[in-house]
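Trainee: Turn this into a model:
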Amino acid sequence: MIYFTRELPGLSEDLSEHGFQVYEALAVSEVLYLSQQNPTLVVVIDHTVEPDAANEVAGRRITLRLKKKATVRDVIWELSALLPHAVVQ
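Mentor: Numbers count the residues shown, from 1 in each chain. Below you'll find the model as predicted:
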């Protein structure tokens, strides 16, 4: 997954500990570059990302937008619903 945030580490370290390969991005250009290199990855958008930037990415990629108090458990649950055939721990 690509974890798009304005503040690191956010949930990226915890997601990595749960077995996810996480690429961190702080700007739309980084998200787009990583998406080109890894076209099957879902973009997880942290609540710290400005709405305009989030919308720009959401218009091009499959995304999951996090609310302020989202937890790793919430992300895993949402990913299992979004990608039912993937192995989600």
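
Trainee: okay, CA-based contacts and neighbour counts for the rest of this
Mentor: Fine.

Trainee: what stretches of the protein score poorly on pLDDT?
Mentor: 84-89 (pLDDT under 70).

Trainee: all strands for it, in order.
Mentor: Ranges of strands within the chain are 2-4, 23-25, 43-45, 63-65, based on DSSP state E.

Trainee: Partner strands of the third one, with direction?
Mentor: Put plainly, it is strand 43-45. Strand 43-45 sits in its sheet next to strand 2-4 (parallel), strand 63-65 (parallel), going by DSSP bridges.

Trainee: Name the residues of it that come out as buried.
Mentor: 43-45 (16 or more other CA atoms under 10 Å).

Trainee: can you pull up the bridge partners for the closest residue in space to Leu64 that isn't next to it in sequence?
Mentor: Excluding its sequence neighbours, the residue lying closest to Leu64 (CA to CA, 6 or more residues apart in numbering) is Val44, at 4.7 Å. Counting by DSSP bridges, Val44 is bridged to Tyr3, Leu64.

Trainee: so how far is Val28 from Val44?
Mentor: Applying CA to CA, to the nearest Å, the value for Val44 to Val28 is 12 Å.

Trainee: swap in Glu56?
Mentor: 8 Å.

Trainee: Could you export the strands of the chain as JSON lines, including distance to Arg73?
Mentor: Below are the strands of the chain laid out as JSON lines (distance: least, CA to CA, whole Å):
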{"stretch": "strand 2-4", "distance to Arg73": "15"}
{"stretch": "strand 23-25", "distance to Arg73": "19"}
{"stretch": "strand 43-45", "distance to Arg73": "14"}
{"stretch": "strand 63-65", "distance to Arg73": "14"}
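
Trainee: what residues are up against the most centrally placed residue in the chain?
Mentor: Taking CA atoms, centre = their mean, the centroid of the chain lies closest to Val44, which sits 1.6 Å from it. By CA atoms under 8 Å, 6 or more residues apart in numbering, the contact set of Val44 is 1-4, 63-66.
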